[in-house]
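In: sequence plus predicted model, see below.
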Amino acid sequence: MCSSHANENCLGWAARDESGVLSPYKFSRRAVGEDDVSIKITHCGVCYGDVVWTRNKHGDSMFPVVPGHEIAGIVKEIGSNVRGFKVGDHVGVGTYVNSCRDCRFCNDALEVYCEKGIVYTFNGIDTDGTITKGGYSDYIVVHERYCYKIPDTYPLASAAPLLCAGITVYSPMMRYKMNQPGKSLGVVGLGGLVAVKFGKAFGLSVTVFSTSISKREEALNLLNADKFVISSDQQEMAALVGTLDFIIDAASGDHPFDPYMSLLKTAGVLVLVGFPTEVKVNPASLLLGMKTITGSGVGGTKDTQEMINFCAAHKIYPQIEVIPIQYAYEALDRMIKSDVKYRFVIDIENSLK
């Protein structure tokens, strides 16, 4: 276990080039400042963002890259000004670790939309000029504003995916008041499996759309969705035209949008949280029915803490597969091939030595 002092090494796993191959890497964290929290990382979720920057998909990777922005762990040290946390607390860190803290979005606890830009948890440039390193490492130092309390009764391994996958769907659901019982929700792609669980907890009627019949049992029996529809089945799709209040599109592969827009009621909303290469919509899909297609990032600090508390209170747990750090590269390969049944979570505490 590494110390929280900047002149001592922290152990992580990093990609050195766009091959994305991960291997052990020692580096330094900053010393704990007066507003900082030092966290022993116990678990880190594996997200598609880890693929993007370890393999330089956007052409902006700053190697070596230590990925990971779904971080859960235990507070080891706090700065002198920290009042919201104490040593021993279970905490989480999500996709960003800094913002200007002074613009209208930061003042509304919507830091993810900071007008001056957020500092990402890894492959970002922090205010001191250093390049941020993520959760595939044994500890992290973060300003307390960007830490979240995890109830002691909530498993840290399950908490990790909430910090990206969970808040990505929770935030737009709350924004568009999709927490009102009786409304109807469509979820495109089982990458939005947490959206299905939120929908059921909110009392919604949930329909899962997929291109694969093999997902039917999981959607209906494991996640308790109300309906499962093969999106290429024109008859099944036609039966749902004009029936949905809201659709969360979590599919990152390229796919048509007009068929889903037709399923929305008047004034319905499709929110994009996946990352296809393009979005094409016939204007009639928007104009006829006053419909909206929009996008959503993760969420602000207020929404994120609220989501964690909601999950703990309602016993909502992401479906996860816990893996050692040595399997992380293979896990990322499987993500690229869509060969993932659940969310991968790295057992940092027991495998990073």
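Out: Everything's here; your move.
In: what lines up beside the helix or strand encompassing residue 345 in the sheet?
Out: Using DSSP states H and E, the element containing residue 345 is strand 343-347. If you go by DSSP bridges, strand 343-347 pairs up with strand 36-45 (antiparallel), strand 320-323 (parallel).
In: could you point out which element follows it?
Out: Immediately after strand 343-347, counting by DSSP H and E, sits helix 348-351.
In: out of the strands paired with strand 343-347, nearest to residue 274?
Out: Each of the strands paired with strand 343-347 was scored for nearness to residue 274 using Cβ to Cβ, and the closest is strand 36-45 (16.8 Å). Bear in mind the C-beta positions are built from the backbone N, C-alpha and C, glycine included.
In: right, and the helix or strand after the closest one?
Out: Scanning onward from strand 36-45 (DSSP H and E), the first element met is helix 48-54.
In: tell me the pLDDT at residue 252?
Out: Predicted confidence (pLDDT) for residue 252: 81.
In: ok, it - contacts?
Out: 48, 189, 191, 274-276 (Cβ atoms under 8 Å, 6 or more residues apart in numbering).
In: out of those residues, which are inside helices?
Out: residue 48 (DSSP state H).
In: for the stretch 1-150 of the chain, what are the low-confidence residue spans?
Out: Applying pLDDT under 70 to the stretch 1-150 of the chain picks out residues 1-8.
In: right, so the strands paired with strand 343-347: which one is the most enclosed?
Out: The highest mean neighbour count among these, using mean count of other Cβ atoms under 10 Å, belongs to strand 36-45: a mean of 26.
In: can you tell me the closest non-neighbouring residue to residue 262?
Out: Leaving aside its chain neighbours, residue 262 sits nearest to residue 241 (5.3 Å; criterion: Cβ to Cβ, 6 or more residues apart in numbering).
In: which element is the one you found on?
Out: Residue 241 belongs to no helix or strand, assigned by DSSP H and E.
In: as a check, name the ranges of all helices in this protein.
Out: Under DSSP H, the chain gives helices at 48-54, 104-107, 156-159, 165-175, 193-201, 216-217, 234-238, 258-261, 283-287, 301-314, 328-336, 348-351.
In: now those in JSON lines, with mean neighbour count and distance to residue 25?
Out: Below are the helices of the chain laid out as JSON lines (neighbours: other Cβ atoms under 10 Å; distance: least, Cβ to Cβ, whole Å):
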{"stretch": "helix 48-54", "mean neighbour count": "23", "distance to residue 25": "12"}
{"stretch": "helix 104-107", "mean neighbour count": "15", "distance to residue 25": "32"}
{"stretch": "helix 156-159", "mean neighbour count": "24", "distance to residue 25": "23"}
{"stretch": "helix 165-175", "mean neighbour count": "24", "distance to residue 25": "25"}
{"stretch": "helix 193-201", "mean neighbour count": "25", "distance to residue 25": "31"}
{"stretch": "helix 216-217", "mean neighbour count": "12", "distance to residue 25": "41"}
{"stretch": "helix 234-238", "mean neighbour count": "12", "distance to residue 25": "48"}
{"stretch": "helix 258-261", "mean neighbour count": "18", "distance to residue 25": "42"}
{"stretch": "helix 283-287", "mean neighbour count": "12", "distance to residue 25": "47"}
{"stretch": "helix 301-314", "mean neighbour count": "19", "distance to residue 25": "28"}
{"stretch": "helix 328-336", "mean neighbour count": "17", "distance to residue 25": "13"}
{"stretch": "helix 348-351", "mean neighbour count": "18", "distance to residue 25": "14"}
